[in-house]
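# quick check, what structure comes out for this input:
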Amino acid sequence: MDEQFEARVALRISKEVRGQWALPVDENVSVGRLPTAGLHVGDSWVPSRLCRFIPFERGWVLQLGRPRALVANKYLGQHTFRGRAAVALQPGTSIIHFPELDDELYLRVTIGAGQAEGLTVLHDLPAQREGTYDRTSGRYAIDQVVLTDNQRLVLAVTYRHLLVRAATPDNVAKAAAQALGKSEQAVKNTLTDVRRKVNRERWLHLQDTEHLGQYLCRLTHTITMADLPEQFR
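Take a look at the predicted model:
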């Protein structure tokens, strides 16, 4: 992430502004009723895991919990995202509203140079932290998504087109199976197992192979060129 980018988040419930804080640039931070959430909102009608903010190279990702959210900014206009969605927040101001809750709750996120100066930085308590972002490698620690060597190999070959920026095969599972000397079903089973694991441990809702590849290779850099054997580069 560009060093000059900072982000501040303000919380408003009904007509009461409860404060504003800085988002950390090198770790995830959660919002919700859990006592360990960095932005703890103790009202009984607030979900335990309302959402969380994940830093990435060009801003922050808003990862929703179960409630859907209306996000408004200059890039999206106004768009409603269902629960578990991941929304990229870019420089500027985004207003996030959760219309399904019993009271009005808004988050206002502003990203830009010097936006968080002088503000207290939010941090989840240790029991809630699920990964940190290494700005030197552009990669998230995956302490909650442990992949075997075989899974990494299958994922890297399946998503080779994302890693080397080549054309997408008509059937990525079939192409990977042929390259690896495996059955297509074996490759599909691995992709399904990893997608379910990521959805469960990162509380996402990745629906298909394409979404999994974008998440692993482009958003979190969990799978990189280092995972791709030399003969496939």
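# from here on, just use CA atoms for contacts and neighbour counts.
Fine.
# where does the protein have low pLDDT?
Within the chain, the stretches with pLDDT under 70 are 1-3, 127-145, 203.
# after the lengthiest helix in it, which helix or strand is next?
Using DSSP state H, we find that the single longest helix of the chain is helix 184-201. Of the helices and strands lying after helix 184-201 in sequence (DSSP states H and E), the nearest is helix 209-213.
# contacts for that next one, please.
Helix 209-213 is contacted by residues 155, 159, 162, 191-192, 195, 206 when judged by Cα atoms under 8 Å, 6 or more residues apart in numbering.
# could you check how far that helix is from the centre of its chain?
Counting by Cα atoms, centre = their mean, to the nearest Å, helix 209-213 is centred 13 Å from the centre of its parent chain.
# got the CA positions of stretch 194-210 in PDB?
Provided in PDB are the C-alpha atoms of stretch 194-210 (Å, rounded to 0.1, in the frame of the first residue of the first chain):
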ATOM      1  CA  VAL A 194     -10.000 -24.600  -0.700                       C
ATOM      2  CA  ARG A 195     -13.000 -22.400  -1.500                       C
ATOM      3  CA  ARG A 196     -15.000 -23.800   1.300                       C
ATOM      4  CA  LYS A 197     -12.100 -23.400   3.700                       C
ATOM      5  CA  VAL A 198     -11.600 -19.800   2.700                       C
ATOM      6  CA  ASN A 199     -15.300 -19.000   3.000                       C
ATOM      7  CA  ARG A 200     -15.400 -20.700   6.400                       C
ATOM      8  CA  GLU A 201     -12.300 -19.200   7.900                       C
ATOM      9  CA  ARG A 202     -12.500 -15.700   6.300                       C
ATOM     10  CA  TRP A 203     -16.300 -15.500   6.500                       C
ATOM     11  CA  LEU A 204     -16.600 -14.800   2.800                       C
ATOM     12  CA  HIS A 205     -19.000 -16.000   0.200                       C
ATOM     13  CA  LEU A 206     -16.800 -16.800  -2.800                       C
ATOM     14  CA  GLN A 207     -19.100 -18.600  -5.200                       C
ATOM     15  CA  ASP A 208     -17.000 -20.100  -7.900                       C
ATOM     16  CA  THR A 209     -13.500 -20.800  -9.200                       C
ATOM     17  CA  GLU A 210     -13.100 -17.400 -10.700                       C
END
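# measure the residue of the chain positioned farthest from its centre to residue 173 for me?
The outermost residue of the chain relative to its centre, with distances by Cα atoms, centre = their mean, is residue 181 at 32.6 Å. As judged by Cα to Cα, to the nearest Å, residue 181 and residue 173 stand 12 Å apart.
# ditto for residue 48
37 Å.
# please say which of those two ends up with more neighbours.
Taking other Cα atoms under 10 Å, residue 48 and residue 173 do not tie; residue 173 has more neighbours (25 against 21).
# check contacts around that one.
Shown in contact with residue 173 (Cα under 8 Å, 6+ apart): 158, 184, 187-188.
# give me that answer again for 6 Å
Taking Cα atoms under 6 Å, 6 or more residues apart in numbering, we find residue 173 in contact with 184, 187.
# how close does it sit to residue 184?
Distance, residue 173 to residue 184, using Cα to Cα: 6 Å.
# helices of the protein, start to end?
Under the criterion DSSP H, helices of the chain are mapped to 149-158, 160-164, 172-180, 184-201, 209-213.
# which one of the ones you listed lies closest to residue 11?
Closest of those to residue 11 is helix 184-201, at 26.4 Å (criterion: Cα to Cα).
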